[in-house]
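K.L.:
Model the structure of this input:
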Amino acid sequence: MPTPENQSPENRRFDWPAIVRTLLVQVLVLLGLAAAVVSYLDWSSDVVWAEFLAASKSSTLASHRPQSSIPVRAVKGQAACAPKG
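P.N.:
Residues are numbered from 1 along each chain as shown. The predicted structure follows:
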C-alpha cells in the first residue's frame, strides 16, 4: 500500500462509481424511510379518526338515554348534597 507522501497528484483518483453507488444507496434509504413515516402517519390517523367517531357515537347515544331511576345514596354515612336552585 503506497503511503500518501509517495503518491503524486496524478495517481490520486476518486473512485467515482463507488461514490455514486454510496449516494444512490443513501437516497434509496432516505426515500424508504420517508415512505414508511408517511404510511405510518396515514395509518395512525385513520385509527385515531375511527376511535374518535366511535367515541362521539357512544357519547351521543349516552346523552339520549333517560336519567337513572336509582336514588343517590349517602357516601360514608353523609347525606347527599341538596342541589342548588
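K.L.:
Show me where the protein has its helices.
P.N.:
Assigned by DSSP state H, the chain shows helices spanning 16-63.
K.L.:
Show me where it dips below the pLDDT cut-off.
P.N.:
Filtered on pLDDT under 70, the chain yields the residue ranges 1-11, 59-85.
K.L.:
repeat that for 90
P.N.:
Per-residue confidence for the chain (pLDDT under 90) gives these ranges: 1-14, 43-44, 46-85.
K.L.:
now Gln26: how far from Ala50?
P.N.:
For Gln26, the distance to Ala50 equals 37 Å [CB to CB, to the nearest Å]. The way it works is simple: take the backbone N, C-alpha and C, and place the C-beta from them, glycine included.
K.L.:
what do you get for Phe14?
P.N.:
To Ala50, Phe14 is 54 Å away according to CB to CB.
K.L.:
Which one's more surrounded, those two?
P.N.:
Counted by other CB atoms under 10 Å, Phe14 and Ala50 do not tie: Ala50 has more neighbours, with 10 against 7.
K.L.:
Tell me how far that one lies from Leu23.
P.N.:
Per CB to CB, Ala50 is found 41 Å from Leu23.
K.L.:
Near Ala18, how many other residues are there?
P.N.:
The tally of other residues near Ala18 (other CB under 10 Å) stands at 9.
K.L.:
All set, thanks.
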